[in-house]
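Visitor: okay, sequence plus prediction incoming.
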Amino acid sequence: MASILIINGSPHLSGCTATALEEMIGVFHQEGMETYLLQVGNQSVRGCISCGACGKRGKCVFDDVVNEAALLFEQADGLVIGSPVYYASPNGNLISFLDRLFYSTSFSKQMKVGAAVVSCRRGGNTASFDVLNKYFTISGMPVASSTYWNQVHGFTAEDVKKDLEGLQTMRNLARNMAFLIRAIGDAKEKYGLPTVERSFFTNFQDGK
C-alpha cells in the first residue's frame with residue numbers, strides 16, 4: 001500500500017491548515033493510500049547550524065521531530081507539507097524543520113511526489129506556496145498540482161469550511177497526487193528510475 005507523510009506546520013491542531021489537510025486525507029483513504037500526519041508547528045524546532053554532523057551520523061545532531069520525520073519520509077511515497085501564511089511566508093518553525101529534514105537525510109527522494117498546501121486569511125499565499133515547492137524541486141520530487149493554487153482562505157477553521165473552492169482544490173490535489181504515485185510506481189517497475197548525474201559541483205574554489 002502506498003503511503004503519504006503529511007506535515008502540519010501550523011501550531012493549531014484543528015485550525016485552518018488542518019482543515020485543508022483533513023480534506024486531502026479523506027480522499028487519500030478513498031484512494032486506498034495510507035497516511036501519517038505529523039504535527040510540527042506546535043513543537044520547538046531550531047534551525048540548522050551547518051555543523052556537518054549529519055554527514056557522519058546519518059541524522060541531524062539535534063535529536064527531535066526532524067529525525068522522527070526522516071524515518072517516515074524515507075518509507076513514504078509522497079509528502080504533503082501544509083503551512084499557515086505568516087508575513088507572506090510559511091511558519092518559521094516549519095522552515096527550520098524542512099531545512100534540517102532535507103539537508104540531513106541522505107536517502108534518495110527521487111520520484112517521491114510532493115505537494116504544498118497553504119492557508120491564509122487574505123494574502124501572501126502564492127509567495128508561501130513558492131517557498132515550500134522549492135524543497136521538492138531541488139530533490140528530484142515531482143510536484144502535484146490541482147485546479148487552482150493549493151490554498152484555502154479563512155481566519156478560522158469554520159471559515160475554511162465555507163471556502164468551497166479551496167476544499168475542492170484540496171480534493172482534486174489529493175486525487176492527482178494519488179494518481180501520480182501509482183503511475184510512478186508502475187513506471188518504476190517497468191523502466192526503473194531515471195539516471196541521476198552527480199559528477200559536477202559548482203563552487204568556483206579552483207579560482208577558474
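Guide: Alright, I've got the coordinates. Numbers count the residues shown, from 1 in each chain.

Visitor: what segments of the protein are helices?
Guide: Taking DSSP state H as the test, the helices found in the chain are 16-30, 53-57, 65-75, 92-104, 125-137, 157-162, 164-191.

Visitor: right, and the ones you listed - which one's nearest Ser119?
Guide: Across those, Ser119 has its closest neighbour in helix 16-30 (3.9 Å, CB to CB). Bear in mind the C-beta positions are built from the backbone N, C-alpha and C, glycine included.

Visitor: which secondary structure elements does the closest one contact?
Guide: On a contact count with 3 or more CB pairs under 8 Å, 6 or more residues apart in numbering; DSSP states H and E, helix 16-30 meets strand 3-8, strand 34-39, strand 78-86, strand 113-120, strand 151-153, helix 157-162, helix 164-191.

Visitor: one more pass at 6 Å, please.
Guide: strand 3-8, strand 78-86, strand 113-120, helix 157-162, helix 164-191 (3 or more CB pairs under 6 Å, 6 or more residues apart in numbering; DSSP states H and E).

Visitor: identify the residues contacting that helix?
Guide: Residues outside helix 16-30 that contact it (CB atoms under 6 Å, 6 or more residues apart in numbering) are 4, 6, 8, 10, 35, 82, 84, 117, 119, 152, 154, 157, 160, 167, 170-171, 174-175.

Visitor: centroid-nearest residue for the chain?
Guide: Nearest to the mean C-alpha position of the chain, counting by CA atoms, centre = their mean, stands Ile81 at 3.1 Å.

Visitor: how close does that residue sit to Gly55?
Guide: Going from Ile81 to Gly55 by CB to CB, to the nearest Å gives 24 Å.

Visitor: cool, and Ala70?
Guide: From Ala70 across to Gly55, the span is 14 Å (CB to CB).

Visitor: next up, the contacts around Asn93.
Guide: 41, 45.

Visitor: quick check: it vs Leu132, distance?
Guide: 13 Å.

Visitor: and Ala116, by the same measure?
Guide: Counting by CB to CB, the gap from Ala116 to Leu132 is 4 Å.

Visitor: who touches the nearest residue to Gln39 once chain neighbours are set aside in this structure?
Guide: Spatial nearest neighbour of Gln39, excluding adjacent residues (CB to CB, 6 or more residues apart in numbering): Asn8 at 5.1 Å. Listed by CB under 6 Å, 6+ apart, the contact set of Asn8 reads 17-18, 21, 39, 82.
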